[in-house]
Structure formats: C-alpha cells, structure tokens
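In: Just to be clear, the model below is a prediction. Sequence and coordinates:
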Amino acid sequence: MITIVRLTKKYGTTLAVDDVSFTAEAGRVTGFLGPNGAGKSTTLRIMVGLTRPDTGSATISGRTYVDLPNPGLEVGVLLDASAQHAGRTGREILTLAQQFMGLPRARVEEMLETVSLTPTEASRRVGDYSLGMRQRLGIATALIGDPEVLILDEPANGLDPAGIRWMRDLLRGYADRGGTVLLSSHLLHEIEVIADDIVMIGLGRIVSMGTKTELLHEAGTVVRAADLLAL
C-alpha cells in the first residue's frame, strides 16, 4: 500500500504539489490522473526518493523508499523510459538490475519473455529502440524483483494498440494477485479502462478521488430550460 500525507513541494514561486494526500490500496489499480504540469510526476518522484518534499510524507508499506534495504524487491518503478542508458543493450540493462538486486540470472530471460522482447531485440542497444520497446524494457526492469508495489508514469506512451492491451492485462493480473499498482496518466480513457480507483490532480492539488464507479457516476452535465420540449 502507498500512503501519501499532505505532500507539498515548491520550486521558487511555483507550487508544484500543494497539500496532496491519498492512498493506493493493495489488490487494486489506482489511476493518478491529471493534465501535463498538474504535479503528477513531482509526486511520483517524491515517492521514490528522487525529490525531497517541503512538507508531508510518502510511505510504501509503512516505510519511505530510501529506508527500503533493497527497493527493487519491494517497489517496481518506471518514471521515464527514455532515461535508460542508450549505449547498453536491453539484456545488459536487465542484467545490471538482476545483479544489483541479487536475483537469479534466469530472471533476465523470464522478464524479456514477459514483455515480449525477442533475443534479437534484447541484443540491440537501447539507443536504437523505439519508445514502445523502451517502455517494455522499463516495465521489465520494474517487474524483475517481483515487487509488491508498482509505480508507473505514463507507461502506455509509445505502445501500439496491441501493446496497450498487453500492458492492461499485465497490470490487471498483477493487481488481482494482490499487488498495488499506481498508474499515472493524462488520458482519462487509459485510466478508466483499467483503474479501480481514480485520484485526480490539477494545479498541484487533489480535485477529486474515489472509486471509478463513483466518479464516473458523478460525471455529467445538468441542463435546464424553460421549454423542455424545444430543448
């Protein structure tokens, strides 16, 4: 479970995250929804220790990310698929993660198969990958430690329709087995297809949150007119 309590982060005069609080429960996919610049990425960076908040806390199963002894075994993270080392091959990226976490070497091939990267693709340098291939590699790196929590920022970027369906099935199955999934996106239709719960953020503040059913039921527009028949 992920617990966010009154997070605030300011850059100069810009309040990027403003008193943000929410939870992402185990066994559920939580969609973190908002337009670009709303504060999603800053919130995720705080969760995984890349950015220090001015106030508030972010804990994963009761501990901060930096206090986890071997984070990759507990939390799988994908924040920017394009940030992977362009000069290494996909297999080398996964091998480094496997060695760093102290995992069996067989996990590398298991993950390549899971995300459908062929042996030929795995032997290519990441700099020659398409964005969709980088996303698959990033998801493989997040999953290699078999963590209980996944934190993913816009993981559907660059995936073709078949890849998007694959990712949805993967994350749905992960949550159904008891995992916690926090999925960030600026696209409502991507979130509503897979999410159980939705947290909506705008201008750094939470504007709405609840189950998908509750929020979609509340959505709509009320129109009144003096002449209903004419309307």
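Out: Looks like it came in fine. Keep in mind that this is a model prediction, so the values were computed, not measured. Numbers count the residues shown, from 1 in each chain.
In: Thr59: what secondary structure?
Out: strand (DSSP: H, G, I helix; E, B strand; the rest coil).
In: Return the residues in contact with it.
Out: By C-beta atoms under 8 Å, 6 or more residues apart in numbering, the residues touching Thr59 are 2-3, 5. Glycine gets a C-beta too; all of them are placed from N, C-alpha and C.
In: Among those residues, which lie within strands?
Out: Using DSSP state E to define strands, the subset of the contacts of Thr59 located there is 2-3, 5.
In: List only buried entries from the residues you listed.
Out: 2-3 (16 or more other C-beta atoms under 10 Å).
In: the longest helix in this protein is where?
Out: Scanning the chain for the longest helix, with DSSP state H as the assignment, gives helix 161-176.
In: Mind giving me the packing neighbours of that helix?
Out: Using 3 or more C-beta pairs under 8 Å, 6 or more residues apart in numbering; DSSP states H and E, the elements in contact with helix 161-176 are strand 29-33, helix 131-143, strand 149-153, strand 180-185, helix 188-194.
In: okay, which residue is most central for the chain?
Out: Of all residues in the chain, the one closest to the mean position by C-alpha atoms, centre = their mean is Leu152, 1.7 Å from it.
In: thought that residue was touching Ser184?
Out: Yes. Counting by C-beta atoms under 8 Å, Leu152 does reach Ser184; the two are 6.7 Å apart.
In: quick revisit: now render the helices and strands packed on helix 161-176 as TSV, adding mean pLDDT.
Out: Compiled in TSV, these are given as follows (pLDDT from 0 to 100):
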stretch	mean pLDDT
strand 29-33	96
helix 131-143	94
strand 149-153	96
strand 180-185	96
helix 188-194	86
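In: closest to Ser61 out of these?
Out: Closest approach to Ser61 among the helices and strands packed on helix 161-176 is made by strand 149-153 (7.2 Å; C-beta to C-beta).
In: did I read that right, Val20 in a strand?
Out: Yes. The assignment for Val20 by three-state DSSP puts it in a strand.
In: how close does it get to Glu113?
Out: To Glu113, Val20 is 38 Å away according to C-beta to C-beta, to the nearest Å.
In: Is Ala122 in contact with Leu112, as I believe?
Out: Yes. Ala122 is within contact range of Leu112, at 5.1 Å (criterion: C-beta under 8 Å).
In: shared neighbours of the two, anything?
Out: 90-91, 94.
In: returning to that earlier point: grab the CA positions of the longest helix of the chain and hand them over as PDB.
Out: Provided in PDB are the C-alpha atoms of helix 161-176 (Å, rounded to 0.1, in the frame of the first residue of the first chain):
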ATOM      1  CA  PRO A 161      -2.800  -0.800 -29.600                       C
ATOM      2  CA  ALA A 162      -1.700  -4.400 -29.100                       C
ATOM      3  CA  GLY A 163       1.000  -3.200 -26.600                       C
ATOM      4  CA  ILE A 164      -1.500  -1.200 -24.700                       C
ATOM      5  CA  ARG A 165      -3.900  -4.200 -24.400                       C
ATOM      6  CA  TRP A 166      -0.900  -6.300 -23.300                       C
ATOM      7  CA  MET A 167       0.000  -3.700 -20.600                       C
ATOM      8  CA  ARG A 168      -3.500  -3.500 -19.300                       C
ATOM      9  CA  ASP A 169      -3.700  -7.300 -19.000                       C
ATOM     10  CA  LEU A 170      -0.400  -7.400 -17.200                       C
ATOM     11  CA  LEU A 171      -1.200  -4.700 -14.700                       C
ATOM     12  CA  ARG A 172      -4.700  -6.100 -14.100                       C
ATOM     13  CA  GLY A 173      -3.300  -9.600 -13.400                       C
ATOM     14  CA  TYR A 174      -0.700  -8.000 -11.100                       C
ATOM     15  CA  ALA A 175      -3.300  -6.300  -9.000                       C
ATOM     16  CA  ASP A 176      -5.600  -9.300  -9.000                       C
END
